[in-house]
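S.K.: Sequence first, predicted coordinates after that:
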Amino acid sequence: MSTDAEITFAEHDENHRAGFASFVGRPNAGKSTLTNALVGSKVAITSSKPQTTRHTIRGIVHREDAQLVLVDTPGLHRPRTLLGQRLNDLVIDTLSEVDVVGFCLPADQKIGPGDRFIAGQLTKVPHKPVVALVTKTDTVPRDALAEQLMAVDQLGREHLAGEGRQADGFSAIIPVSAVAGDQVDVVADELAAMMPLSPPLYPQGDLTDEPEAVMVAELVREAALEDVRDELPHSIAVVVEEMVPREGRPEDRPLLDVRVSIHVERDSQKAIIIGRRGARLKQIGTQAREGIKKLLGTPVYLDLHVKVSKDWQRDAKKLGRLGF
Ligand SMILES: Nc1nc2c(ncn2[C@@H]2O[C@H](COP(=O)(O)OP(=O)(O)OP(=O)(O)O)[C@@H](O)[C@H]2O)c(=O)[nH]1
């Protein structure tokens, strides 16, 4: 979608900072919600189910003194399949290129093996400052939060100390609630201060530099995962096959034809997605269409197909074809 909006870079002085930050954390840690709160617009897709964030989606925070480009990575997790392994490698690659890593740890969950695994993985990117973000602070009382902050400090000292590290443990520990809007500005301040001196990297107003297709795929994926609790989210991959303006429409009433395929691993999963007499698929279509319309600002005709790609998670060739 092209817009006629003028491209303007913010006025800046020599103290302006700009760079990349990335959030990691176990599934459901609140990474996407925090990204959205910082950017101030729904860019990454959130859902109550784990691992909806598959692709690297960037939100950009524009401030007078700094520009923060947020690279939202999939949750790092202990890999069980080839796809899990690839996602982890992708995360490490991404983290090697950012200026600061934000490690999200929910205030209402005890630090567990998943968090320790991630802390261990972060030693693979030794020269990056790591800021611990203790998320969802609105969900716990003050004393529980204080305890969690101490536990987080301990985790940092155990894993992030020694050679090549810029701090003994986390560079900072910040409690934040993206939902209550509490301390979000402190997170932005802290991350901005860690960016290198640089003019803005992106023009103002850019919320994301990912192609719309990726976001459309995420919207369909989010809709498809809604209410499917007995199946792993990883069993679904969404591919946008085509997005073309319908020919012969009046200029003031455009329509976008969007053709999307949903890949599942087994026939039984296909049946779940389609539902009785296609009821679920219809529901997925309605929900996704609303989101896509909001995202792109045009009405869309959404054509959904469900395909069985047997064991796509384990099959390297198929993974390549699905864009991983
Ligand atoms: N009460 C409260 N809930 C939050 C907060 N931040 C996130 N949540 C909720 O926690 C759940 C997970 O949030 P996400 O932002 O999707 O988490 P994520 O880390 O991006 O998850 P993945 O994409 O699965 O890795 C959602 O239901 C959010 O609404 C917060 O500050 N307060």
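M.R.: Happy to help now that I have it. Numbers count the residues shown, from 1 in each chain.

S.K.: Which residue does the stretch 101-250 of the chain have closest to the ligand?
M.R.: residue 179 (3.4 Å; Cβ to the nearest ligand atom). Where C-beta positions appear, they are placed from N, C-alpha and C, glycine not excepted.

S.K.: Near that residue, how many residues? Count them for me, please.
M.R.: Applying other Cβ atoms under 10 Å, we find 16 residues neighbouring residue 179.

S.K.: any idea what sits nearest it, other than its immediate chain neighbours?
M.R.: Nearest non-adjacent residue to residue 179, counting by Cβ to Cβ, 6 or more residues apart in numbering: residue 138, 5.9 Å away.

S.K.: What does the residue of the stretch 101-250 of the chain closest to the ligand show for phi and psi?
M.R.: phi -70, psi -40 (degrees, to the nearest 10).

S.K.: so it touches residue 135, yeah?
M.R.: No. Counting by Cβ atoms under 8 Å, residue 179 stays clear of residue 135, with 9.2 Å between them.

S.K.: Report the set of residues contacting both of those two.
M.R.: Common contacts of residue 179 and residue 135 (Cβ atoms under 8 Å, 6 or more residues apart in numbering): residue 33.

S.K.: that older thread, now do the same contact list for the residue nearest to residue 179.
M.R.: 177, 179, 180, 182.

S.K.: Swap in 6 Å and give it another go.
M.R.: 177, 179, 180 (Cβ atoms under 6 Å, 6 or more residues apart in numbering).

S.K.: Against residue 18, how distant is it?
M.R.: 31 Å (Cβ to Cβ, to the nearest Å).

S.K.: ditto for residue 170
M.R.: From residue 170 across to residue 18, the span is 23 Å (Cβ to Cβ).

S.K.: and if you look at residue 39?
M.R.: On the measure of Cβ to Cβ, residue 39 and residue 18 end up 15 Å apart.

S.K.: of the two, who's got more company?
M.R.: Neighbour totals were compared for residue 39 and residue 18, and residue 18 leads with 24 against 21 (other Cβ under 10 Å).

S.K.: Let's verify the more buried one: helix, strand, or coil?
M.R.: strand (DSSP: H, G, I helix; E, B strand; the rest coil).

S.K.: contacting residues for it?
M.R.: Taking Cβ under 6 Å, 6+ apart as the test, what residue 18 contacts is 67, 195, 198, 200, 201.

S.K.: Need the worst-confidence member of those.
M.R.: Scanning these for pLDDT, the low point is residue 201. It has 74.

S.K.: Name the nearest residue to it, ignoring sequence neighbours.
M.R.: Per Cβ to Cβ, 6+ apart, closest to residue 201 is residue 18, 4.9 Å.

S.K.: partner residues bridging that neighbour?
M.R.: residue 67 (DSSP bridges).

S.K.: Tell me the confidence at it?
M.R.: 88.

S.K.: again with residue 238
M.R.: pLDDT, residue 238: 80.

S.K.: Show me what the helix or strand containing it is in contact with.
M.R.: Taking DSSP states H and E as the definition, residue 238 sits inside strand 237-245. Defining contact as Cβ under 6 Å, 6+ apart, one finds that strand 237-245 is touched by 213, 216-217, 220-221, 254, 256-263, 322.

S.K.: Of these, which qualify as buried by neighbour count?
M.R.: 213, 216, 217, 220, 221, 256, 258, 260, 261, 262, 263, 322 (16 or more other Cβ atoms under 10 Å).
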